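Participant: Could you look at this predicted model? Sequence included:
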Amino acid sequence: MSKLYTNSSLVKGRIWPHNCLLNHSLIKSLQFDTSPWLRWFDISVSALFDSLMNKIKRRRILRTPIISGLSISILILVLSTGRAARAGQEAVELASPSPTPADENSHDLFSTETLYTFRSDFRDDNEKLGHGDSLYDDISYDHRFLITGKWYLRLGAEYERFDFGGTDNGLPDHLQAAYAHLAYEYVVHDHAGASIELDPGVYFQDHVSGDAFDIPWKIFVSFPLKKDKIFGVIGLGGGLFQHPIVAPGGGLIWLFSDKLRLEGVFPKPALVYEPNDDWQFRIQANLFYESFRTDDVFTTQKKIQLQNAVVQYNEDRIGVQAKYGGIKPFRIIVGAGYTFLREFDFFRADRRAKLDPAPYVQLSLEAKF
């Protein structure tokens, strides 16, 4: 979302009405597309016809005819034929369809991300769970298929994984997911302004099983509140493993200038500054929540003894980020900040394990082509 839906290029882009383009093309064809030989033919025959008519008048054709009525008829027929040919050519040009506008959006989308949160202690555990850190990796690829106008079908796949280090306390040592992307979206200047998406797949700890299958979904739409200035975004998301099963999202996008905007859209609000086309800087937050089916979880804390449970893991972060896009079609992203909350929430069993805040670093790569 670098320029709406969290991006100014969507909301500020100008699209000329199709009928204006069509009328302009028709006017040009009428004024400038007549072929040179037809113009010469028309001018030459017309000049000849006028010359003959003047001579006929001067010599009083009723007494001294210069050319016969048959000759005049032939000349008129030739002149009419020339004008008819030119009119036919213009009619063909008028009937020709206007050219299809070029597709301005990328069709292939690739991204990969690595984020490491440093070690911190578990809280409120009577020192039974020790400490932990986390490494997050994600890779995804999508392809857009143009359906009609600016509506696209986007299909793709994604794999993501958390690896947890630190004290061997019985909590999951990793959580992972492999799922498909199935989305129908309205895209302008490479950014979605409205979308409905399903992410069916398996969300698991170590072993893939039927009860690890989930279908998270999300839907959103953006709309203007103040022309070229303030825009609203509303959305919903949910999943079978999520708590609550449906949750709202959205917010406001405020364009202060061409270079500075507020993307106050949860769960990823940000203040964005773009000094030029190659660089982007963000002060941002990310409220990341995702749910998985676990295996046996027998921790060193007696209250967390579970089998085949669902855990909702979250990392709530705030930090800064820099993006460089001078190497087309790639964008290199680096970031750093503070993870102020990490939590394993076994909400169906009402059991939780929280960690203290810790710093994080991030490195990502995006490509659109």
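Facilitator: Now that the structure is in, tell me what you want to look at.

Participant: On the three-state scheme, D228 is what?
Facilitator: On the three-state scheme (DSSP: H, G, I helix; E, B strand; the rest coil), D228 is labelled coil.

Participant: That one: neighbour count?
Facilitator: Neighbourhood size, D228 [other C-beta atoms under 10 Å]: 11. Every C-beta, even on glycine, is put in place using the N, C-alpha and C of the backbone.

Participant: Ok, A194 next?
Facilitator: 18.

Participant: mind checking how far it is from I234?
Facilitator: 10 Å (C-beta to C-beta, to the nearest Å).

Participant: where does this protein have low pLDDT?
Facilitator: 1-102 (pLDDT under 70).

Participant: if we can go back for a sec, shared neighbours of A194 and I234, which are they?
Facilitator: Shared contacts of A194 and I234 (C-beta atoms under 8 Å, 6 or more residues apart in numbering): F220, V221.

Participant: mind listing what's buried in stretch 274-292?
Facilitator: Using 16 or more other C-beta atoms under 10 Å as the test for burial, stretch 274-292 gives E274, Q280, R282, Q284, N286, Y289, E290, S291, F292.

Participant: Present these as a markdown table; the columns should include distance to Q305.
Facilitator: Formatted as a markdown table, the buried residues of stretch 274-292 follow (distance: C-beta to C-beta, whole Å):
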| residue | distance to Q305 |
| --- | --- |
| E274 | 51 |
| Q280 | 47 |
| R282 | 42 |
| Q284 | 38 |
| N286 | 32 |
| Y289 | 24 |
| E290 | 23 |
| S291 | 20 |
| F292 | 18 |
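
Participant: Show only the entries of those found in strands.
Facilitator: Filtering the buried residues of stretch 274-292 for membership in strands, criterion DSSP state E, returns Q280, R282, Q284, N286, Y289, E290, S291, F292.

Participant: can you tell me which of those lies nearest to H174?
Facilitator: F292 (9.7 Å; C-beta to C-beta).

Participant: so that closest one makes contact with L175?
Facilitator: Yes: F292 lies in contact with L175 (C-beta atoms under 8 Å); the separation is 4.6 Å.

Participant: overlap in contacts of these two?
Facilitator: With contacts taken as C-beta under 8 Å, 6+ apart, the residues that reach both F292 and L175 are Y203, F204, Q205, V311, Y313.

Participant: so which of those would you say is closest to G132?
Facilitator: Y313 (11.8 Å).

Participant: Please name the residues that touch that closest one.
Facilitator: Y313 makes contacts with F162, L175, Y289, E290, S291, F292, R342, E343, F344, D345, as judged by C-beta under 8 Å, 6+ apart.

Participant: tally of neighbours for the first one?
Facilitator: For F162, the tally of surrounding residues (other C-beta under 10 Å) stands at 22.

Participant: what residues are up against it?
Facilitator: Counting by C-beta under 8 Å, 6+ apart, F162 has contacts S134, L135, Y136, H174, L175, Q176, Y313.

Participant: Give me the distance between the closest residue to G238 other than its chain neighbours and G325.
Facilitator: Of all residues not flanking G238 in the chain, V246 sits nearest, at 4.0 Å (C-beta to C-beta, 6 or more residues apart in numbering). Going from V246 to G325 by C-beta to C-beta gives 36 Å.

Participant: What is the burial count for the residue nearest to G238?
Facilitator: Counted with other C-beta under 10 Å, V246 comes out at 10.
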